[in-house]
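**Q** Quick one, fold the following:
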Amino acid sequence: MLKGSKFIYDLFEPNPTTEFKVIIVTGDHGYGKTAYANRLVGESIGYHLHKKDVCDWEAVKTHIGFHPAKVIKLFFSMRSGIRDVCYHWDDAGLWLSNTKHWDLFVQAVGDYLQTERTDWGALIFSCIHKDDIVNKIRNLRHAVIVDIIKNSDEEHPWRRHAYAWDIWKSRTGYKQGVNDLWDESFDCKMPPEFFKWYDPIREQYSEMGKKLMWKRLEQKHSDILELAKEVPI
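**A** So this is what the prediction gives:
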């Protein structure tokens with residue numbers, strides 16, 4: 001079991017001291033942040049359900065989402081009073097960008113985190129850089145940041161390393177520093193059957209991003225669209 005998975009399981013399982021954490025997994029394109037986040041989900045839920053060190057990839061399929069509508073509908077479908085281990089909001093930087101801190105939806109997600117321990121042990125957000133996520137989420141008290149580093153070679157092309165940390169602040173707020181939480185190597189190659197399910201879904205992310213650009217262009221920049229009639233692409 002990954003150290004990160006054990007960290008999440010320990011947030012969820014002990015009673016009555018159950019806790020909640022925001023975990024933000026960051027890394028460059030293709031570095032394996034989604035693979036790591038999915039392993040955290042599958043292993044922590046797998047240990048909870050089966051009481052052994054196993055990654056439940058079927059459980060990952062119901063505990064990962066990208067589009068806000070899917071994520072929130074799942075949250076609403078949860079049975080009242082029943083906590084679940086964790087959830088992965090994949091590529092959340094697109095919807096919860098720090099540049100949208102004024103957006104009422106983004107603000108509402110930050111507000112929800114004030115009460116989220118009722119529903120989850122941990123919420124995992126993946127993004128390119130931690131600053132891509134709005135401050136209200138990123139700066140939640142003791143939010144965990146996981147940096148994914150690529151350290152592959154010819155013999156280990158899928159090898160990556162995860163460094164987890166959070167920020168501490170003094171009581172007065174004048175001093176702050178970093179707490180190192182865990183670091184570990186992992187294989188970022190997902191099982192073929194799971195990847196066969198995930199890859200076509202992941203392809204839709206880019207399509208949604210392009211449609212979002214076009215919608216915003218239509219809504220806010222009709223002048224640019226007007227110029228497009230005069231200038232060849």
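
**Q** Only C-alpha atoms from now on, for both contacts and neighbour counts.
**A** Noted.

**Q** Got the domain ranges for this structure?
**A** Residue ranges for each domain of the chain read 3-190, 191-233, as given by automatic domain parsing.

**Q** what is the mean pLDDT for the lengthiest helix in the chain?
**A** Using DSSP state H to define each element, the chain has its longest helix at helix 192-220. In this model, helix 192-220 has a mean pLDDT of 92.

**Q** just stretch 67-80 next, same as before
**A** Rounded mean pLDDT across stretch 67-80 is 89.

**Q** Can you list the buried residues in that stretch?
**A** For stretch 67-80, burial by neighbour count (16 or more other Cα atoms under 10 Å) applies to residue 71.

**Q** Name the residues that touch it?
**A** 64-65, 89, 95, 119 (Cα atoms under 8 Å, 6 or more residues apart in numbering).

**Q** which residues of this structure score low on pLDDT?
**A** Within the chain, the stretches with pLDDT under 70 are 15-17, 231-233.

**Q** Helices along that one, start to end?
**A** Counting by DSSP H, the helices of the chain are 3-12, 33-50, 57-61, 68-77, 104-112, 135-138, 192-220, 222-228.

**Q** Deepest in the core, which of those helices is it.
**A** Neighbour counts (mean count of other Cα atoms under 10 Å) averaged over each of those peak at helix 33-50, with a mean of 24.

**Q** how close does residue 225 sit to residue 207?
**A** Per Cα to Cα, to the nearest Å, residue 225 is found 20 Å from residue 207.

**Q** do the same with residue 67
**A** Using Cα to Cα, one obtains 12 Å as the distance from residue 67 to residue 207.

**Q** Over to residue 81?
**A** Distance of residue 81 to residue 207, computed by Cα to Cα: 37 Å.

**Q** re earlier: please name whichever of the helices of the chain is nearest to residue 157.
**A** Nearest of those to residue 157, taken as Cα to Cα: helix 33-50 at 14.2 Å.

**Q** can you list the helices of the chain in CSV and add distance to residue 24?
**A** Output for these, formatted as CSV (distance: least, Cα to Cα, whole Å):
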stretch, distance to residue 24
helix 3-12, 12
helix 33-50, 9
helix 57-61, 17
helix 68-77, 16
helix 104-112, 14
helix 135-138, 8
helix 192-220, 19
helix 222-228, 36
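
**Q** out of those, nearest to residue 21?
**A** Across those, closest to residue 21 is helix 3-12 (Cα to Cα), at 7.7 Å.

**Q** Report the contact partners of the closest residue to residue 45 other than its chain neighbours.
**A** Nearest non-adjacent residue to residue 45, counting by Cα to Cα, 6 or more residues apart in numbering: residue 85, 6.1 Å away. Residues in contact with residue 85 (Cα under 8 Å, 6+ apart) are 8-9, 12, 41, 44-45, 48, 120-122.

**Q** Can you name the residues that contact residue 22?
**A** Neighbouring residues of residue 22 by Cα under 8 Å, 6+ apart: 122-125, 137, 140, 143-144.

**Q** quick one: which of these has the most company?
**A** Within these, most neighbours by other Cα atoms under 10 Å means residue 125, with 27 neighbours.

**Q** ok, what's across the strand from that residue?
**A** residue 24, residue 89 (DSSP bridges).

**Q** any idea how far it lies from residue 93?
**A** Applying Cα to Cα, the value for residue 125 to residue 93 is 8 Å.

**Q** for residue 179, same thing?
**A** Counting by Cα to Cα, the separation of residue 179 from residue 93 is 24 Å.

**Q** Of the two, give the one with the bigger neighbour count.
**A** Under the criterion of other Cα under 10 Å, the comparison of residue 179 against residue 93 puts residue 93 first, with 21 against 13.
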